[in-house]
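*Asks:* have a look; sequence and predicted model below, questions after that.
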Amino acid sequence: MGRRGPSELQTQVLAADLCTACGACLGHCPYLKSLGERVAFIHPCPRSEGRCFDVCPRTSLDPESLDRQVLGAPRRHPILGGYDGLYFARARDADVGARGQYGGVTTALVLLALESGMAGAALLTSGTPTREPRAVVARDRDTVLAAAGTKYSACPTLEPLAGLLRESSEPVAVVGRPCQVAAARKVEAREASGRLAPVIGIFCFWALTPAFYRFLEGRRDLERATKLDLPKDGGMTFAVNGRTATVRLDEIRPFIRPACQACFDPTAEWADVSVGSTEHDAAWNTLVVRTARGRDLVERARAAGALEVKPYPLERIPVLEEAVQRKKLRVLDALDAGQPEVAYLGLREAQRAAVRAHGRA
Amino acid sequence: MSLHALGTDAPGQLVILSGNEAIARGALEAGLGYAASYPGSPSSEVLGSLGALARAGGFYAEWSTNEKVAMEGAAAASFAGVRAMTVMKADGLNVALDALTSLAYSGTKGGMVVVVSDDPGAHSSTKEEDTRYLVRACHLPLLEPATVEEAKEMTRWAFDLSEAVGLPVVLRSVTRISHARGSVTLGALRPAPRTARYDLNDRFITTSLFHQVLHQRIGQTRARFEQAPFNSCEGPAAAPRLVIAAGPSFTYAREAVRLLGLGEEVRVLKLGTTWPLPEDFLGAHLKGAREVLFLEEIEPFLETEVKSYWAQHAAELGPVTFLGKASGHVAGAGAPGVGELTPEIALRAVGALAGREFEPRSEAFARKVDRLPLHDLPPRALAFCPGCPHRASFWAIKAALELDGRQGVVLGDIGCYTLGAMQTGYFTLKTVHAMGSGVGLASGFGKLDLLGFTQPVVAVVGDSTFYHSVIPALVNARYNDAPVLVVVLDNSTTAMTGHQPHPGTGRHATGDLAPALPIEAIARGLGVPTEVQDPLRVDETVESVYRLLKTDGAKLLILRSPCVLLPSVKRLRRAAVDPARCIGEACGCGRFCNRAFSCPALVWDRALERARVDDVLCSGCGVCVDLCPRQAIAFQELASCSR
């Protein structure tokens, strides 16, 4: 395959509106900048090949190759990816639990990674849910706690990663959306072997554009919300002054980032661990343990009393699988129809068939 | 500028003056009381000189907000019986034309001279405009000086003529008079009057009833032109070959005749009073001419006027072959009327008239020239000065628009920042028209949303331009709720024309302090949301522009940072590349500082194979310090000293 660079990144991803604002291409060169969760070349880059193309999760994504790189083996599960354990989990620390969106599992694991020395710094997404979030490099408890809670738009959190990897040799923990996890793995393969520890993926079915925040500014009843949520019974809820306001999902859908329609990986299949909502009990998280490092992290967290873990209810597994499969099937249909926005996905016919066949007797 | 010579009361003394200084001197010798102008090359030094002399000379001189106001100010003085002058470049006459056409109808009282300086070849203009057509359209007396000395004499004479016929008189100069230097014999200075008064019996009303009166006054003008000392003819009386020339082309014609040895064969008719034509004088000298060659700038104005006269008198004058720009016999590299008429073009034309081939260079010299490696000289594009805040502004605007991603359109205007249409401004500007046109266009573009337009609209204007003609366009944008971002590049001066003051700078043309009228106060007074930002802080500027592009209605962003050439701007630091941190091509940045950002002070050191800052050129603005992806450029403090 010929080397490709900024020109191809522009035509295949940026101009095609496929950019997920993961941030992996940023922080390396003066040509690529980000503002308002948009990524653009602010000046034409003269290079014919480039790192930007190589690390972008939307120039190409080869699930089998990533499985080998991350899991060391082909995946066990065509819908949920490779995993070693599937749990309900929650933080034991009351502070952490209170700050977290649901069970505070991500925050608890990051704190443990830092405290145990597994990572020297953590790349997190910080801010309030009603304003554009920012990437933050956390090294202490307070900064980690301040970054807790779900952000609903696509922050290019990976932007500081290039600088972090360059300026020191410490391992870096990364918490990201599935596209950011995939990008982080491409970075790891290219230049940072062993430097990313751990990589925690957050379940994500779509992200909103910052137009959502401008919408909130026009809604005086919502703009001071301290917590947002997408409960399973529908709508988006806003916790304001002890009360909860609900907005129909139809009002939110126009703000969905178009690039998210082409995503095949809502559960971050190449993270060390993936964390999501249970859609059942808001006090707990879904926790997917995938790699040996992920297993090590979770065990350390349990041993240290930071994490409480119980088996995932068997009867709820099909519910989770169905939601993920539905998203994958939409992409498969687009692939079959030859639509260019999903052409980045290197999915052989056997994998496609496995996704389609799952759950059908 | 020889200010001392300009203001000295020493009649008979021989001095060297520029054409603009000579015009100023002519006005002083005529007892000038009031002068108003807006800067515009090649005319700016007229008011520049008068402003410096005004206090000592006891007369009034101002830089006006625009040429129309300048014209009106001078007219007021004239109505009060004071001799007044207004000065502008060709484009300025376009701005003032409504006032001037009205003054032609209303008439004037105290002598009023309108000095217009055209720019053949457009050395420092966006257009190559021949204002003589406009003067004719106004029906006003037109004078064209051929030498620097004549510029002074004509100016003084013009005041007398103006009072005799009751009309403003236009003195039309060109670059090779205004910006040339010549020897001038000083005349006696005449003091400015102390009798300014509006006689209530006078009325200066513009009404079509005076159209006929205007023609009568022009008839009187023509009679005076017949006797004017500025028209002459030299050479053999009966010669059938005649050159008619006006302006400095006359001196080229004279020189050509001498160089070609045609003194006994070719007559040269000099016209200094070029509209209305002194027809009797012209007719007398056209008699016997069989071939007539016209040498003039810029367009074939005289050529057409004289041909029209000939057509009227063809029976007496007989057949004549007319050779000029319109006929295609006098042309530079471009089309007739395009490009400056040079002495070389004049030589070839006069030579052709007489059937003489003339080679301006000897063969030996031509061979030497051909051997020069001229083709190796790299083409030098116009560029912003090192540290110019406009470079930073355009960088930020361009970046913000790329990040915005909606293909925003940036409309330009007139000033140093017009270079934003070129590489030095990253080709950011897509349109350039007249003063204030950027915001006028923006106001229009902003209302196309009704018709499917989705692109953000940005207008870039300068601070002097803002006062000149942006305000009405801004009112229009606000009034019609056009969603446009007006970016004012405020460098605290009228830079392109030579750092003249304007209503925002706090100084008058005389150097005295003036009340500053802040642009933000004007815009906010119109209800236009206004922010002020330092353009040298590029990241902040990008964010400001990006954010403002997403707001509704008309808004103003002032990017304020002084022009680096202002004497008040002290260079306290400079940038320097750390050769240990800069890794040259290995960086992968593609020589971002000197190739992409392209400040002239950033050079590529071929020996070191790294970037380097030229410490003589660097002004210490610091933008490159922020842009280098490896932070390889840092500040060095200098001991405090002015440039």
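*Replies:* Sure, I can see it. Residues are numbered from 1 along each chain as shown, chains lettered A, B, ... in the order given.
*Asks:* tally of neighbours for whichever residue of the stretch 201-350 of chain B sits closest to chain A?
*Replies:* Per Cβ to the nearest Cβ, residue B:334 is where the stretch 201-350 of chain B lies closest to chain A, at 33.1 Å. To be clear about C-beta, it is placed using only N, CA and C from the backbone, and glycine gets the same treatment. Residues lying near residue B:334 (other Cβ atoms under 10 Å in any protein chain shown) number 11.
*Asks:* same check on the one 4 residues further on?
*Replies:* Counted with other Cβ under 10 Å, residues neighbouring residue B:338 total 16.
*Asks:* now swap in residue B:613 and tell me
*Replies:* Neighbour number of residue B:613 under other Cβ under 10 Å is 25.
*Asks:* then residue B:424?
*Replies:* 20.
*Asks:* need the contact list for it.
*Replies:* B:381, B:382, B:383, B:384, B:391, B:598 (Cβ atoms under 8 Å, 6 or more residues apart in numbering or on different chains).
*Asks:* helix or strand: which one has residue B:294?
*Replies:* strand B:291-295 (DSSP states H and E).
*Asks:* buried sites along that strand?
*Replies:* Neighbour counts over strand B:291-295 (16 or more other Cβ atoms under 10 Å in any protein chain shown) mark B:291, B:292, B:293, B:294, B:295 as buried.
*Asks:* that one pairs with which strands?
*Replies:* Sheet pairing here is set by DSSP bridges, and for strand B:291-295 it gives strand B:241-246 (parallel), strand B:321-323 (parallel).
*Asks:* can you put those strands in JSON lines and add distance to residue B:185 and mean pLDDT?
*Replies:* Shown next, in JSON lines, are those (distance: least, Cβ to Cβ, whole Å; pLDDT from 0 to 100):
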{"stretch": "strand B:241-246", "distance to residue B:185": "23", "mean pLDDT": "98"}
{"stretch": "strand B:321-323", "distance to residue B:185": "36", "mean pLDDT": "97"}
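*Asks:* tell me which of these is the most buried.
*Replies:* Greatest average neighbour count among those goes to strand B:241-246 (a mean of 26), per mean count of other Cβ atoms under 10 Å in any protein chain shown.
*Asks:* can you tell me what sits against that strand?
*Replies:* B:144, B:146, B:252-253, B:257, B:265-272, B:274, B:285-286, B:289-296, B:302, B:306, B:350, B:353-354.
*Asks:* switch the cut-off to 7 Å
*Replies:* Here strand B:241-246 makes contact (Cβ atoms under 7 Å, 6 or more residues apart in numbering or on different chains) with B:144, B:253, B:265-271, B:274, B:289, B:291-296, B:302, B:306, B:350, B:353-354.
*Asks:* quick one: contacts for the nearest residue to residue B:214 once chain neighbours are set aside?
*Replies:* Excluding its sequence neighbours, the residue lying closest to residue B:214 (Cβ to Cβ, 6 or more residues apart in numbering or on different chains) is residue B:139, at 5.2 Å. With contact set as Cβ under 7 Å, 6+ apart, residue B:139 has these partners: B:104, B:214, B:215, B:218.
*Asks:* where does pLDDT dip in the chain?
*Replies:* Went with chain A since none was named. Counting by pLDDT under 70, chain A has low-confidence residues at A:1-2, A:361.
*Asks:* try chain B instead
*Replies:* Along chain B, segments meeting pLDDT under 70 span B:1-2, B:333, B:640-643.
*Asks:* tell me where the stretch 1-150 of chain A has helices.
*Replies:* With DSSP state H, counting those that start in this stretch applied, the stretch 1-150 of chain A shows helices at A:6-8, A:51-55, A:63-66, A:94-99, A:105-115, A:141-146, listed in chain order.
*Asks:* now mean neighbour count and distance to residue A:282 too, for those, in TSV please.
*Replies:* Shown next, in TSV, are the helices of the stretch 1-150 of chain A (neighbours: other Cβ atoms under 10 Å in any protein chain shown; distance: least, Cβ to Cβ, whole Å):
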stretch	mean neighbour count	distance to residue A:282
helix A:6-8	20	43
helix A:51-55	24	35
helix A:63-66	18	31
helix A:94-99	16	11
helix A:105-115	26	13
helix A:141-146	17	19
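*Asks:* find the closest residue to chain A in chain B.
*Replies:* Chain A sits closest to residue B:399 of chain B, with a gap of 3.8 Å, by Cβ to the nearest Cβ.
*Asks:* and for that residue, the neighbour number?
*Replies:* With other Cβ under 10 Å as criterion, residue B:399 counts 24.
*Asks:* let's see the one helix or strand it maps to as CSV, backbone CA atoms only.
*Replies:* Residue B:399 belongs to helix B:389-404 when assigned by DSSP H and E. This file holds the C-alpha atoms of helix B:389-404, laid out as CSV (Å, rounded to 0.1, in the frame of the first residue of the first chain):
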residue,chain,number,x,y,z
PRO,B,389,0.0,42.8,12.5
HIS,B,390,-1.9,42.2,9.3
ARG,B,391,0.1,39.0,8.6
ALA,B,392,-1.0,37.7,12.0
SER,B,393,-4.6,38.8,11.4
PHE,B,394,-4.9,37.1,8.0
TRP,B,395,-3.3,34.0,9.4
ALA,B,396,-5.8,33.9,12.2
ILE,B,397,-8.8,34.7,9.9
LYS,B,398,-7.8,32.0,7.4
ALA,B,399,-7.3,29.4,10.2
ALA,B,400,-10.7,30.3,11.8
LEU,B,401,-12.5,29.9,8.4
GLU,B,402,-10.8,26.5,7.8
LEU,B,403,-11.9,25.4,11.2
ASP,B,404,-15.4,26.8,10.6
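*Asks:* in the top strand by length along chain B, what counts as buried?
*Replies:* Looking across chain B with DSSP state E, the single longest strand is strand B:633-641. Across strand B:633-641, burial judged by 16+ other Cβ under 10 Å covers residue B:633.
*Asks:* run through who's touching that strand.
*Replies:* Strand B:633-641 is contacted from outside by B:570-578, B:593, B:613, B:622, B:624-625, using Cβ under 7 Å, 6+ apart.
*Asks:* which of these count as buried?
*Replies:* Buried subset of those (neighbour count, 16+ other Cβ under 10 Å): B:571, B:573, B:574, B:575, B:576, B:577, B:593, B:613, B:622, B:624, B:625.
*Asks:* contacting residues around the fifth one?
*Replies:* Contacts for residue B:576 (Cβ under 7 Å, 6+ apart) come out as B:613, B:633, B:634, B:636.
*Asks:* let's see it at 10 Å
*Replies:* Applying Cβ atoms under 10 Å, 6 or more residues apart in numbering or on different chains, we find residue B:576 in contact with B:612, B:613, B:615, B:618, B:625, B:632, B:633, B:634, B:635, B:636.
*Asks:* that one falls within a strand, correct?
*Replies:* Yes. The assignment for residue B:576 by DSSP: H, G, I helix; E, B strand; the rest coil puts it in a strand.
*Asks:* run through the bridge partners of it.
*Replies:* Bridge pairing for residue B:576 (DSSP bridges) gives the partners residue B:634.
*Asks:* excluding chain neighbours, what is closest to residue 264?
*Replies:* As the question left the chain open, I've gone with chain A. residue A:331 is the one closest to residue A:264 (Cβ to Cβ, 6+ apart), at 4.7 Å.
*Asks:* sorry, should have said chain B
*Replies:* That would be residue B:236: by Cβ to Cβ, 6+ apart, it lies 5.8 Å from residue B:264.
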